[in-house]
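1. Okay, sequence plus prediction incoming.
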Amino acid sequence: MEKYQHEQYEYARRRIKQKKRLYFHFVLLLLGSLFLFISNKFFGIDVDSDRYIWGITIWLFIFILHFIKVYITDRFMNKDWEREQIDRLVTLQQKKIDQLETKINEESSI
């Protein structure tokens, strides 16, 4: 397997793993929320307060952050993006080095 094909395979495998974890997190959120709701409403655990709503809300917020990371951030800022940024910065550095070398050569020839 060539290096490029191997990188594509590893990227695909990593993305599938991320999505699998996200789906597991979603199912866990649903089951956990259902458990908190049922334990509060039907079993009378902590009836006077609605702390379970705060717990579900915080958990939902964490899930939304996880969703954004998997489907937005990692989708656009992957290995190809990293390579492009590194290549761009290396090119800029090389350009500055070339300018400095040219300036030094001009000054030494005077």
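-> It's in. Numbers count the residues shown, from 1 in each chain.
2. Buried residues in the lengthiest helix in the chain, which are they?
-> The longest helix of the chain (DSSP state H) is helix 3-41. Across helix 3-41, burial judged by 16 or more other C-beta atoms under 10 Å covers 18, 22, 25, 29, 33, 36, 40. C-beta: built from backbone N, CA, C; applies to glycine.
3. Of those residues, just say which sits nearest to residue 75.
-> Residue 75 has its nearest neighbour among the buried residues of helix 3-41 in residue 18, at 9.7 Å by C-beta to C-beta.
4. Do I have it right that the closest one meets residue 74?
-> Yes: using C-beta atoms under 8 Å as the test, residue 18 is close enough to residue 74 to be in contact (6.5 Å).
5. And the residue nearest the centre of the protein?
-> residue 69 (3.5 Å; C-alpha atoms, centre = their mean).
6. buried sites along the lowest-mean-pLDDT helix or strand in the chain?
-> Every helix and strand in the chain was compared by mean pLDDT, DSSP states H and E; the lowest is helix 74-76, with a mean of 76. Residues of helix 74-76 classed as buried: none (neighbour count, 16+ other C-beta under 10 Å).
7. gap between that helix and the chain center?
-> Centroid separation for helix 74-76 versus its chain: 7 Å, with C-alpha atoms, centre = their mean, to the nearest Å.
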